[in-house]
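S.K.: sequence unknown, structure follows:
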């Protein structure tokens, strides 16, 4: 079972309108709401590919109830721990006349020390039956920046942990020695100060990560691992919505680590599934036909 | 008792952030939520001035629950009828570096014919003990454009009705012969096609409104009534947030009609309270000291 953790789960709200007068008053055409947060997207993609999945994390307030209701509607297995604060919304304002999308992310509920301790107990019991654990996204207010290292320490040895975070949550999270970290190129540079993806990945390995998967958009991905380094590139650029592409890569990596797939094949699946997610308009979805078609077309080269 | 009707009540959400990258991804600094909709603002202002008030309208879903909870916190008397759809949010994105505010209004829940009939019964029973009724704001999807005329017909004769709406809801609402209509200058021109405020107001009277109060921002207001026409101007422009100024004018007019205040005094109170609302940062609030200070300084001139 793939256990996905979303500490700052969200209700993803999309406003569609022809165009927005910034600084003015606007009527929104349609409002779409869906359970979100990066770990929820990972769970959706892995479940759609047939993997047994359980989504956990923290949820609270009226927004938390709406997230749970949408997860039920989606048939996604979930077991979130409660917090007193209200879970956040993320708002995407899409201007259909231009396709421009503005994203506004609320900070999330303040999590108390007691709520965090209660979650650690909950997480430990779930992690006991997990084959892989994924840790995704921002930390809600109140949590220490090493929260992901604390969670990793709760996972039984031998169960791979994948970390996908940004900023301090990433920089301090690698100290927990996760099996794999998946930053994109910008996140890697922010966390390490190193512009080169390979050198940045090596710095994260020095800091504790056992392997690093760096996503670089249309330039594909590199994997820097104890067994060597590889690069994979899609046959041609895919146009679409890059939100959720990283989550699809984490879903692919989780499935591969669960089944002991070698790194070059993990990389091939991650690049193909990521590209198939770009083609789908909503984060957490992907184009299954494109995934299947791309898989044999991904070129994987050994770097070292 | 002043009965305020808000058919499309809302949770007013304000995002504050230093600046927004439009078309990019942004983190929101603070999130403030409060019960809103124009009729709720009218009720807040009138209640703060000591008038007995009851807020009604339609509420549904998780957002409706949040609106009710905030009205309870505010100590505002309310008795809304339920709908199955979720009440809307209005979002204001304030960029603190520039003060620019972008407003995004959701359309609101679809109201079914059965829900509307149930509300008419509820409204009739409340209107029976009202001294004044105010009808404010947009109509949610599903309601006929003459919904405000239908409501006005349910109010006992002798109980004044004040209508504050835009577009078709205003143009068709005046057919119900409300005692007073309060458009701003732009709404008046949109409804009548006439650029002159006095001539536009006369057109609304011909269409059914007994009196018309036109708000013109820093240029004050005019009242066109069966007893004559007047204009009132504040002594100097007031800087601030004009959202909610019209609702404050409706609150002043409702208090004046309830107590049989002559039109020139009604106009004086409406201009002073409206200016005091501009000075307050949040719609539904006003600066009570400024209201008291401005009252004797408002010049009222007879136009005819």
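M.R.: Arrived safely. All of these numbers come straight from a predicted model, not from anything done at the bench.

S.K.: look at whichever residue of the stretch 201-304 of chain A sits closest to chain B and give its secondary structure.
M.R.: Among residues of the stretch 201-304 of chain A, the one nearest chain B by C-beta to the nearest C-beta turns out to be residue A:243. It sits 8.7 Å away. Any C-beta I mention is one placed from the backbone N, CA and C, and that applies to glycine too. Applying DSSP: H, G, I helix; E, B strand; the rest coil to residue A:243 yields a three-state assignment of coil.

S.K.: dump the residue contacts of the closest residue to it other than its chain neighbours.
M.R.: For residue A:243, the nearest residue in space outside its immediate sequence neighbours is residue A:283; the separation is 4.5 Å by C-beta to C-beta, 6 or more residues apart in numbering or on different chains. Counting by C-beta atoms under 8 Å, 6 or more residues apart in numbering or on different chains, residue A:283 makes contact with A:12, A:36, A:41, A:241, A:243, A:244, A:247, A:277.

S.K.: which one is residue A:242 nearest to, not counting chain neighbours?
M.R.: In space, not counting the residues next to it along the chain, residue A:242 is nearest to residue A:278; the distance is 5.6 Å by C-beta to C-beta, 6+ apart.

S.K.: where does chain A dip in pLDDT?
M.R.: Counting by pLDDT under 70, not a single residue of chain A qualifies.

S.K.: what residues does it have near chain B?
M.R.: If contact is defined as C-beta under 8 Å from any C-beta of the partner chain, the residues of chain A in contact with chain B are A:15, A:17, A:20-29, A:31, A:62-63, A:65-66, A:88, A:91, A:93, A:100-107.

S.K.: among these, name the buried ones.
M.R.: The neighbour-count test (16 or more other C-beta atoms under 10 Å in any protein chain shown) marks A:15, A:17, A:20, A:26, A:28, A:31, A:62-63, A:65-66, A:88, A:91, A:93, A:101-106 as buried among those.

S.K.: narrow those residues to those in helices?
M.R.: When helices are assigned by DSSP state H, the members of those inside them are A:62, A:63, A:65, A:66.

S.K.: what are the boundaries of the strands in the stretch 151-300 of chain A?
M.R.: With strands called from DSSP state E, counting those that start in this stretch, the stretch 151-300 of chain A shows them at A:161-164, A:180-181, A:212-215, A:221-225, A:228-233, A:299-302.

S.K.: turn the ones you listed into CSV, columns for mean neighbour count.
M.R.: CSV is the format used below for these (neighbours: other C-beta atoms under 10 Å in any protein chain shown):
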stretch, mean neighbour count
strand A:161-164, 29
strand A:180-181, 28
strand A:212-215, 26
strand A:221-225, 25
strand A:228-233, 19
strand A:299-302, 13
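
S.K.: can you put the ones you listed in CSV and add distance to residue B:187?
M.R.: Formatted as CSV, the entries for those read as follows, by distance: least, C-beta to C-beta, whole Å:
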stretch, distance to residue B:187
strand A:161-164, 50
strand A:180-181, 56
strand A:212-215, 51
strand A:221-225, 55
strand A:228-233, 58
strand A:299-302, 62
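
S.K.: closest to residue B:153 out of those?
M.R.: Ranking the strands of the stretch 151-300 of chain A by distance to residue B:153, with C-beta to C-beta as the measure, places strand A:161-164 first at 59.9 Å.

S.K.: that closest one packs against which elements?
M.R.: Packed against strand A:161-164 by the contact rule (3 or more C-beta pairs under 8 Å, 6 or more residues apart in numbering or on different chains; DSSP states H and E) you find strand A:132-136, helix A:147-153, strand A:180-181, helix A:245-259.

S.K.: the longest one packs against which elements?
M.R.: In this structure, helix A:245-259 makes packing contacts with strand A:2-6, helix A:38-48, strand A:132-136, strand A:161-164, strand A:212-215, helix A:263-279, judged by 3+ C-beta pairs under 8 Å, 6+ apart.
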